[in-house]
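Participant: sequence-free structure coming up:
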């Protein structure tokens, strides 16, 4: 239950803005679930898990670059 005046945040809304923007560009249907799924191209890690590893930001930038280049 959310109390009056509280702002509810989600895993997606807590991501860096550049990550949210890239996910929106990919037109992912349910980003809240997608960011938690293991992705083979990320070494079977989720977007959330990848951000928490050393060089995770670099790995994600490269992944999104490959993905957006495919369309």
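Facilitator: Looks like it arrived, so ask away. None of these values were measured; they are calculated from a predicted model. Numbering: from 1, shown residues only.

Participant: how about residues contacting the helix or strand bottoming out on mean pLDDT in the chain?
Facilitator: When each helix and strand of the chain is scored by mean pLDDT, DSSP states H and E, helix 56-69 comes last, with a mean of 91. Identification of contacts with helix 56-69 by CB atoms under 8 Å, 6 or more residues apart in numbering yields 16, 19, 22, 25-26, 39, 41-42, 47, 50-51, 53. Quick note: C-beta positions are derived from backbone N, CA and C, even for glycine.

Participant: 7 Å instead, please
Facilitator: Under the contact criterion CB atoms under 7 Å, 6 or more residues apart in numbering, helix 56-69 has outside partners 19, 22, 25-26, 41-42, 47, 50-51.

Participant: among those residues, the buried ones, what's the PyMOL command?
Facilitator: Of the contacts of helix 56-69, the buried ones can be selected in PyMOL as follows, counting by 16 or more other CB atoms under 10 Å:
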select buried, resi 19+22+42+47+50+51
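
Participant: now, which of the contacts of helix 56-69 lie within helices?
Facilitator: 19, 22, 25, 47, 50-51 (DSSP state H).

Participant: skipping its backbone neighbours, what lies nearest residue 25 in space?
Facilitator: Using CB to CB, 6 or more residues apart in numbering and skipping residues adjacent in sequence, the residue nearest residue 25 is residue 68, 6.1 Å away.

Participant: same deal with residue 48?
Facilitator: Spatial nearest neighbour of residue 48, excluding adjacent residues (CB to CB, 6+ apart): residue 35 at 5.5 Å.

Participant: still on that earlier bit, now the ones in helices among the contacts of helix 56-69 in JSON lines, with distance to residue 10 and pLDDT?
Facilitator: Output for these, formatted as JSON lines (distance: CB to CB, whole Å; pLDDT from 0 to 100):
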{"residue": "19", "distance to residue 10": "13", "pLDDT": "94"}
{"residue": "22", "distance to residue 10": "17", "pLDDT": "92"}
{"residue": "25", "distance to residue 10": "19", "pLDDT": "90"}
{"residue": "47", "distance to residue 10": "13", "pLDDT": "95"}
{"residue": "50", "distance to residue 10": "18", "pLDDT": "95"}
{"residue": "51", "distance to residue 10": "15", "pLDDT": "93"}
